[in-house]
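Enquirer: I'll drop the sequence and a predicted model, then ask my questions.
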Amino acid sequence: MYKRLDFLQACDEVIIGNIPVGTEPEIVQMVAQSVYVDMEEVPDTREELIEDGCLMEYVPQPWKRDHTDEEWGELVLTAMQQLDGADFNEIQDQFVEKVRPHELFGTCFFHVKRVPYEAGAPEPRLVKGLPDVMYCAFNSDGMHFLSDALGKSYNIIREFGFADIYRWGGSHTRFSLIIWVRSFLLLERGCCCWGEAVHVN
């Protein structure tokens with residue numbers, strides 16, 4: 001049961017685009033693996049794959065527009081035919097092992113927008129250069145700010161380990177934190193608002 005849940009999490013992370021996959025051949029292979037594990041067979045036709053296998057639900061969102069449903073069907077069916085007769089559990093494990101090492105696996109994302117500063121107020125050094133809209137993400141390695149353009153690639157702008165976060169708190173709409181800057185032996189304060197987008201000041 002645990003392995004199955006691990007597999008479902010890995011699939012979801014790839015499908016919604018939280019874990020970017022670099023090339024189309026990799027995408028085709030991973031979609032083929034995930035559909036094969038869920039269908040437990042290789043469909044006979046492209047139409048069966050698209051309709052009965054719900055193919056397009058498995059194609060990662062950043063890649064869907066690259067091909068029509070029928071084109072994706074041809075690509076994935078060809079890849080699935082190479083899996084025919086393979087053990088479903090082994091294919092499931094291969095998928096998870098490919099995704100698990102990614103640095104964004106298991107990350108919780110918040111789409112955020114910077115809180116505007118009052119006129120004349122100094123901008124904290126830690127947030128200088130951060131875009132107005134971005135992602136604030138948390139995982140076992142700490143807190144990360146990523147560019148808003150998650151898709152086929154990603155860019156981590158700034159990151160802090162949990163040991164660097166001196167204090168944090170807030171409400172359902174606003175988040176504030178104090179970061180310990182070791183190199184200068186001082187504390188800096190940041191403030192964010194959660195929502196469709198994060199604000200930091």
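Expert: Right, received. Where do you want to start?
Enquirer: going forward, measure contacts and count neighbours with C-alpha atoms only.
Expert: Will do.
Enquirer: test my guess that residue 55 contacts residue 46.
Expert: No - assessed by CA atoms under 8 Å, residue 55 is found out of contact with residue 46, at 9.5 Å.
Enquirer: shared neighbours of these two, which are they?
Expert: Common contacts of residue 55 and residue 46 (CA atoms under 8 Å, 6 or more residues apart in numbering): residue 73.
Enquirer: ranges for the strands of the protein?
Expert: For the chain, applying DSSP state E gives strands covering 108-114, 133-139, 142-147, 156-160, 165-170, 174-181, 186-194.
Enquirer: ranking the ones you listed by mean pLDDT, which is last?
Expert: Lowest mean pLDDT of the strands of the chain: strand 186-194, a mean of 44.
Enquirer: what is the neighbour count of residue 110?
Expert: 19 (other CA atoms under 10 Å).
Enquirer: that one against residue 136, yeah?
Expert: Yes - the pair residue 110 and residue 136 passes the contact test of CA under 8 Å, sitting 5.2 Å apart.
Enquirer: below-threshold pLDDT in the chain: ranges please.
Expert: 1, 181-201 (pLDDT under 70).
Enquirer: using PDB, write down the CA coordinates of the lengthiest helix in it.
Expert: Ranked by residue count under DSSP state H, the longest helix found in the chain is helix 24-39. Provided in PDB are the C-alpha atoms of helix 24-39 (Å, rounded to 0.1, in the frame of the first residue of the first chain):
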ATOM      1  CA  GLU A  24       9.800  14.700 -24.600                       C
ATOM      2  CA  PRO A  25      11.100  11.100 -24.800                       C
ATOM      3  CA  GLU A  26      11.300  11.100 -21.000                       C
ATOM      4  CA  ILE A  27       7.700  12.400 -20.800                       C
ATOM      5  CA  VAL A  28       6.400   9.800 -23.200                       C
ATOM      6  CA  GLN A  29       8.100   7.000 -21.300                       C
ATOM      7  CA  MET A  30       6.900   8.200 -17.900                       C
ATOM      8  CA  VAL A  31       3.300   8.600 -19.200                       C
ATOM      9  CA  ALA A  32       3.400   5.100 -20.800                       C
ATOM     10  CA  GLN A  33       4.600   3.700 -17.400                       C
ATOM     11  CA  SER A  34       1.900   5.400 -15.400                       C
ATOM     12  CA  VAL A  35      -0.900   4.400 -17.700                       C
ATOM     13  CA  TYR A  36       0.400   0.900 -18.000                       C
ATOM     14  CA  VAL A  37       0.500   0.500 -14.200                       C
ATOM     15  CA  ASP A  38      -3.100   1.800 -13.800                       C
ATOM     16  CA  MET A  39      -4.600  -0.100 -16.800                       C
END
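Enquirer: buried residues, it. List them.
Expert: Of all the residues in helix 24-39, those buried under the rule 16 or more other CA atoms under 10 Å are 27-37.
Enquirer: quick one: residues contacting residue 91.
Expert: 33, 37.
Enquirer: distance of it from residue 180?
Expert: Using CA to CA, to the nearest Å, we find residue 91 at a distance of 44 Å from residue 180.
Enquirer: same question for residue 53.
Expert: 50 Å.
Enquirer: got it, and residue 16?
Expert: 33 Å.
Enquirer: domain parsing for the chain?
Expert: For the chain, the structural domains run 2-99, 108-194, going by automatic domain parsing.
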